[in-house]
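sequence below, structure please.
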Amino acid sequence: MELISPLLRTDFREFCVSYFVLRQIDDIFTMAGVRKGKPAFDRPLTGQRRVLVEEYYASLRWDNEADASKFLKTVSYALAQSYLQEPEKTFLKQILDRDGFTVDGIDIFRRSNPPRTTDVQVSQNALAELRKELLGLERLEPKQRGFEFERFLNHLFERFGLAPKGSFRLVGEQIDGSFELDSHVYLVEAKWHALQMDQRQLLAFRGQVESKSAWTRGLFVSNSGFTKDGLEAFAHGRATNIIGMSGQDLYFVLEGRISLREVIRRKARYAAERGEFYVSVFDLLNE
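Numbers count the residues shown, from 1 in each chain. The predicted structure is shown next:
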């Protein structure tokens, strides 16, 4: 039995033809882990974009759960494109709804199989210990502070049940750690600097995340936050697969105002709906 209907496939193909250029079509499919195949056309297709979509479709088995998931990830990356207007995003949601799918932030799921919404409760005493640990970083030397900031984040992730993994080194690059939430793996970049992070650092981290696998996401934690110009420039590029967190965001979590798991979910949803890398926890709480 086919898990993705021919009508949904055709509608999405024509959506790509109408709103994306060739490079953007390549981006959303390759980010979802879809490779090109050799389509067998019943009749000749017109247009490079239409043919390109069918080449990606040709590598997918529509009765295979893993391939169906790749298709849905492709649609989710399409939804995350910042240059799409609300009417176009609404159309995508409508054709998904027609076929029994629901959009929840960056995720698309069958209505019979909703996403996990469980959370982990962290005591006020544990949060107080984490606050003390974070405040203690101010007294350290700059070189030591960066290393201890990574350790603090691992402690934070552990408390919230995110199965963190400490820093690890690949050839030519350093990854500060990783964690898992709702079956999604996030790579972590941790920066404790006096200056805010700009577009250059964001682009470098996005490149690291993209080079690992199509389903990997990233969390960039900058104690000093991010420059306004950097955020605006980054938002006008390709679809974002990373989200950001500032020191102020951390304090909202450590004060018990909101769960870390909920922060990450809501930031990911914001990125999916608006194509923007960063939204403050203050704004999320006051939406």
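
give the buried residues for the longest strand along the chain.
In the chain, assigned by DSSP state E, the strand with the most residues is strand 184-191. Residues of strand 184-191 classed as buried by neighbour count (16 or more other CB atoms under 10 Å): 185-191. All C-beta spots, glycine's among them, are computed from the backbone N, C-alpha and C.

quick one: contacts for Leu202?
220, 226, 230, 234, 242, 244, 277 (CB atoms under 8 Å, 6 or more residues apart in numbering).

report the longest helix in the chain, please.
helix 142-159 (DSSP state H).

tell me which element Ser76 falls in.
helix 65-79 (DSSP states H and E).

which strands and helices lie in contact with whichever helix or strand comes after that helix?
With elements assigned by DSSP H and E, the helix or strand that comes after helix 65-79 is helix 86-98. Helices and strands touching helix 86-98, as assessed by 3 or more CB pairs under 8 Å, 6 or more residues apart in numbering; DSSP states H and E, comprise helix 6-19, helix 65-79, strand 101-104.

residues near the closest residue to Phe101 other than its chain neighbours, how many?
Distances taken as CB to CB, 6 or more residues apart in numbering place Ile108 nearest to Phe101, at 5.4 Å, with adjacent residues excluded. Taking other CB atoms under 10 Å as the criterion, the count of residues near Ile108 is 22.

quick one: Ile108 and Ser76 touch, right?
Yes - Ile108 sits in contact with Ser76 when judged by CB atoms under 8 Å, with a separation of 5.3 Å.

circling back: quick check: mean pLDDT across the longest helix of the chain?
Helix 142-159 carries an average pLDDT of 89.

list the buried residues for it?
Taking 16+ other CB under 10 Å as the neighbour-count basis, helix 142-159 is seen to contain the buried residues 145-146, 148-150, 152-154, 156-157, 159.

can I get that helix as PDB, trimmed to CA atoms?
Provided in PDB are the C-alpha atoms of helix 142-159 (Å, rounded to 0.1, in the frame of the first residue of the first chain):
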ATOM      1  CA  PRO A 142      38.400  33.200  29.400                       C
ATOM      2  CA  LYS A 143      40.000  30.000  28.200                       C
ATOM      3  CA  GLN A 144      38.700  27.900  31.000                       C
ATOM      4  CA  ARG A 145      35.300  29.500  30.800                       C
ATOM      5  CA  GLY A 146      34.600  28.200  27.400                       C
ATOM      6  CA  PHE A 147      35.400  24.600  28.400                       C
ATOM      7  CA  GLU A 148      33.300  24.900  31.600                       C
ATOM      8  CA  PHE A 149      30.400  26.400  29.600                       C
ATOM      9  CA  GLU A 150      30.300  23.200  27.500                       C
ATOM     10  CA  ARG A 151      30.300  21.100  30.700                       C
ATOM     11  CA  PHE A 152      27.500  23.200  32.100                       C
ATOM     12  CA  LEU A 153      25.400  22.700  29.000                       C
ATOM     13  CA  ASN A 154      25.900  18.900  29.300                       C
ATOM     14  CA  HIS A 155      24.700  19.000  32.900                       C
ATOM     15  CA  LEU A 156      21.700  21.100  31.800                       C
ATOM     16  CA  PHE A 157      20.800  18.600  29.000                       C
ATOM     17  CA  GLU A 158      21.200  15.700  31.400                       C
ATOM     18  CA  ARG A 159      18.800  17.200  33.900                       C
END
